[in-house]
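J.: output the structure for:
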Amino acid sequence: MFLAYDPEKKAIRSWGHMEFEQPCFILTISPIGEPELSRAAVLSDPFDLYRYLATVDAVVVHSIQLLSPGELNGTGTWCLDELLELTHLSDPKSTAKGMLYKTVAWIDSDVDLASTAEWIPCVLFSKIPQPMPLFGSNAWSPFGSAPETFHDMLARSSSSL
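T.: Residues are numbered from 1 along each chain as shown. Next comes the predicted model:
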């Protein structure tokens, strides 16, 4: 039995089963102060995951797994893999958008990566520590710096696999 919020009834309801048509995120969580109580949270939207991680204060997130369809993960069947990085891609010349998924097993996107050389990446989640140089030519600046190109990010991502 699953407990889930029903937006039509504006209440928590119990469901005998759940079906997914798109990738979703399964988080292993526990209440703060009670690490022995392991639970799972399921989120279907990448931006919901981003907001959840940015605002959650009552639980500890231990891990995030991606449940993905075979078309995305390349296996032909649904798979559950540990999520390492989730990046939103946007084309500055149009309204085109996409997601880049990096798991322990594969890297892929819901858009053709060959056409995204000029697109702007925005990392929504990363399990991999992101270095932030404080000094030198690559130092972070609140006044903005040249954004990392998508191909630079892909090279960095694939080198850490």
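J.: which elements pack onto the longest strand seen in the chain?
T.: Determined from DSSP state E, the single longest strand within the chain is strand 79-90. Under the contact definition 3 or more C-beta pairs under 8 Å, 6 or more residues apart in numbering; DSSP states H and E, strand 79-90 sits against helix 46-55, strand 59-68, helix 70-73, strand 97-103, strand 120-126, helix 150-159. The way it works is simple: take the backbone N, C-alpha and C, and place the C-beta from them, glycine included.
J.: direction included, what does it pair against?
T.: strand 59-68 (antiparallel), strand 97-103 (antiparallel), strand 120-126 (antiparallel) (DSSP bridges).
J.: now the ones you listed in TSV, with mean pLDDT and mean neighbour count?
T.: Listed next are the strands paired with strand 79-90 as TSV, based on pLDDT from 0 to 100; neighbours: other C-beta atoms under 10 Å:
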stretch	mean pLDDT	mean neighbour count
strand 59-68	95	18
strand 97-103	95	20
strand 120-126	93	16
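J.: circling back: gap between the longest strand of the chain and the chain center?
T.: Offset of strand 79-90 from its chain centre (C-alpha atoms, centre = their mean, to the nearest Å): 4 Å.
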